[in-house]
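Engineer: Here is the input, now give the coordinates:
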Amino acid sequence: MGPKMKSNGGKIAWGAVCKPKELLDLKIPHSCSWSWRKILQLRHHARHFIKHLIGNGIDTSFWFDNWSARGPLCLRFSSTILSLLGIDENTSMANFIVNNGWNFPPALLSVIPKLNSIQQPVPHRKDKLIWTVSPFDSFSLKHTISHLMDHGPLVPWYNLVWHTASIPRMKFNMWLAVQSRLPTLDSQAMVHHGNTCVLCGIEIESHSHLFFRCDFSAPLWEFIQARCRFYNYFLIWEDMILWISSRWKSNSPMNILRKISLSALVYHTWEERNNRIFRGNPSTQNRVLTKTSSPSTRLRCGGSLLHHRKLRLPELVSVLQVALVEGWVALGLYFL
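Structural biologist: Here you go, the predicted model:
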């Protein structure tokens, strides 16, 4: 608190000087955090998503709020029009309601003739705010993100990456891998490291080489194929992904096991490659295979298959045989 006001000192009408401002109209402060700055930069989207349904008009601003079909008037007209019409910018819609209907000044109607066609007020009801991109009228993060995102065609590998049984860190890594977006040594961004694969030391590192033509990762991939009862004939990574995506579309128990096994092997192969480049800490093939069937991977398999609605006895026996042969005892314990 400042010093006490003296009777002979000047006084300030703080209520007139410090007028309240809407969050949507505040300037972005220079000292705010990165996250808060990004949120404030999205306000122009939020302004159009917030709609006022007029009841008695008391809580809806004539000038600032989004109540008309074409958005807030403050975004369409200069504020000088208000002074010419004799309207204060803090005027609410209630000022134009007379006898349960609209009563706009003729001068205002000459500027905005469509005011005569807006929905009639409901004086016995309060104004209501709705979030226009949500089917429930209230804010929904899911529907808002969906509305803001660009929606392209569904990619063929969608269910290979984004199935519900996948482990988040492996899911993100697999998403990059299927698009050949991992920073392999054959890309310009990693040229200062050289381009020879650090796992085998023979060929140039690329997605097709790492997954799974490399002398280090190829035996691991063959082991997974044998245990999950499938065989892949392709040597090009993109061709392999298309082939697998076309055959593992369903979420059958065996396909769930295959998808998780593939994601885990891609993840831990990439992890081993990074450990050798950035930490100088190599591991053996057996160690990488052990991590591929780590407890988190086994438990995710078990939990997903346990809640599988279409799990039939022959499939259960088949999957358990694979799990037990691989040493995935934790998966077997879910069903014993």
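Engineer: quick check, residue 39 in a helix?
Structural biologist: Yes - judged by DSSP: H, G, I helix; E, B strand; the rest coil, residue 39 forms part of a helix.
Engineer: residues near it, how many?
Structural biologist: The number of residues packed near residue 39 is 13, by other C-beta atoms under 10 Å. C-beta here means a position set from N, CA and C on the backbone, and glycine is covered the same way.
Engineer: What of residue 54?
Structural biologist: 26.
Engineer: ok, now which ones touch it?
Structural biologist: 60, 67, 93, 119, 121-122, 127 (C-beta atoms under 8 Å, 6 or more residues apart in numbering).
Engineer: all strands of the stretch 101-250 of the chain, in order?
Structural biologist: 101-102, 128-131 (DSSP state E, counting those that start in this stretch).
Engineer: Using PDB, write out every CA atom in the longest one.
Structural biologist: Output for strand 128-131, consisting of C-alpha atoms alone and laid out as PDB, is shown next (Å, rounded to 0.1, in the frame of the first residue of the first chain):
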ATOM      1  CA  LYS A 128     -25.500 -17.700 -22.300                       C
ATOM      2  CA  LEU A 129     -21.900 -18.300 -23.600                       C
ATOM      3  CA  ILE A 130     -21.400 -21.300 -25.900                       C
ATOM      4  CA  TRP A 131     -18.200 -22.900 -27.400                       C
END
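Engineer: that older thread, show me which of the contacts of residue 54 are buried.
Structural biologist: Among the contacts of residue 54, those classed as buried by 16 or more other C-beta atoms under 10 Å are 60, 67, 93, 121-122, 127.
Engineer: Where does the prediction get shaky in the stretch 1-150 of the chain?
Structural biologist: Under the criterion pLDDT under 70, the flagged ranges of the stretch 1-150 of the chain are 1-25.
Engineer: ok, residue 111 - contacts?
Structural biologist: 77, 81, 85.
Engineer: quick one: which of the buried ones among the contacts of residue 54 is nearest to residue 201?
Structural biologist: residue 67 (68.8 Å; C-beta to C-beta).
Engineer: Nearest spatial neighbour of the closest one, chain-adjacent residues omitted?
Structural biologist: residue 52 (4.2 Å; C-beta to C-beta, 6 or more residues apart in numbering).
Engineer: Stretch 227-244: which residues count as buried?
Structural biologist: Buried residues in stretch 227-244 (16+ other C-beta under 10 Å): 227-228, 232, 237, 240-242, 244.
Engineer: Cross those residues against helices and list the overlap.
Structural biologist: 227-228, 237, 240-242, 244 (DSSP state H).
Engineer: At which residues are the helices of the stretch 201-336 of the chain located?
Structural biologist: 207-208, 218-228, 237-247, 253-274, 285-292, 295-306, 313-325, 329-333 (DSSP state H, counting those that start in this stretch).
Engineer: per-stretch mean pLDDT over these, give me the minimum one.
Structural biologist: Mean pLDDT is lowest for helix 329-333 out of the helices of the stretch 201-336 of the chain, coming in at a mean of 35.
Engineer: before we move on, back to that, return the closest of the buried residues of stretch 227-244 with respect to residue 139.
Structural biologist: Nearest to residue 139 among these, with distances taken as C-beta to C-beta, is residue 241, at 37.4 Å.
Engineer: Was I right to think that closest one contacts residue 157?
Structural biologist: Yes - between residue 241 and residue 157 there is a contact under C-beta atoms under 8 Å: 5.5 Å.
Engineer: overlap in contacts of those two?
Structural biologist: The contact lists of residue 241 and residue 157 share residue 178, where a contact means C-beta under 8 Å, 6+ apart.
Engineer: by contact count, what packs against the helix or strand where residue 84 lies?
Structural biologist: Residue 84 is part of helix 80-85 when elements are defined by DSSP states H and E. For helix 80-85, the packing partners by 3 or more C-beta pairs under 8 Å, 6 or more residues apart in numbering; DSSP states H and E come out as helix 106-111.
Engineer: how close does residue 195 sit to residue 202?
Structural biologist: Per C-beta to C-beta, to the nearest Å, residue 195 is found 12 Å from residue 202.
Engineer: Of the strands of the stretch 101-250 of the chain, which is nearest residue 290?
Structural biologist: strand 128-131 (49.0 Å).
Engineer: from what I can see residue 289 touches residue 223, true?
Structural biologist: Yes - with contact defined as C-beta under 8 Å, residue 289 and residue 223 form a contacting pair (6.6 Å).
Engineer: circling back to that earlier point, now flag whichever of the buried residues of stretch 227-244 is closest to residue 264.
Structural biologist: residue 228 (11.4 Å).
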